[in-house]
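>>> below: sequence and its predicted model.
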Amino acid sequence: MHQGTSLTDIALEAGYPDSTHFSHSIRQVYGLTPSDIVAGSRRLAVMDAHGPAAA
């Protein structure tokens, strides 16, 4: 998720009619809301074979 991209934009780009349907589908599959996933991903580090990737 790019900074400044809304959940609605992501839902529409993924082919959902609105963010409510998108959120419901994500929650059914992963057991978490998209906002929970995004909040948790802020603590993730992107790594490649050479170590941490440049931000």
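Sure thing, it's come through. Model, not experiment: these values are computed from the prediction.
>>> show me the shaky parts of the chain.
For the chain, the stretches with pLDDT under 70 are 1-3, 42-49, 51-55.
>>> now do the strands in it.
47-48, 51-52 (DSSP state E).
>>> report the longest helix in the chain, please.
helix 19-30 (DSSP state H).
>>> which other helices and strands contact that one?
helix 7-13, helix 34-41 (3 or more CB pairs under 8 Å, 6 or more residues apart in numbering; DSSP states H and E). For glycine as for every other residue, the C-beta is placed from the backbone atoms N, C-alpha and C.
>>> contacting residues around it?
Helix 19-30 is contacted by residues 6, 7, 8, 10, 11, 14, 16, 32, 33, 34, 37 when judged by CB atoms under 8 Å, 6 or more residues apart in numbering.
>>> next up, the contacts around the fifth one.
Put plainly, it is residue 11. With CB under 8 Å, 6+ apart, residue 11 has these contacts: 18, 19, 21, 22, 23.
>>> re the thing from before, pick the most buried one from the helices and strands packed on helix 19-30.
Scoring the helices and strands packed on helix 19-30 by mean neighbour count under mean count of other CB atoms under 10 Å gives helix 7-13 as the most buried, with a mean of 15.
>>> how distant is that one from the center of its chain?
In terms of CA atoms, centre = their mean, to the nearest Å, the centre of helix 7-13 is found 10 Å from the chain centre.
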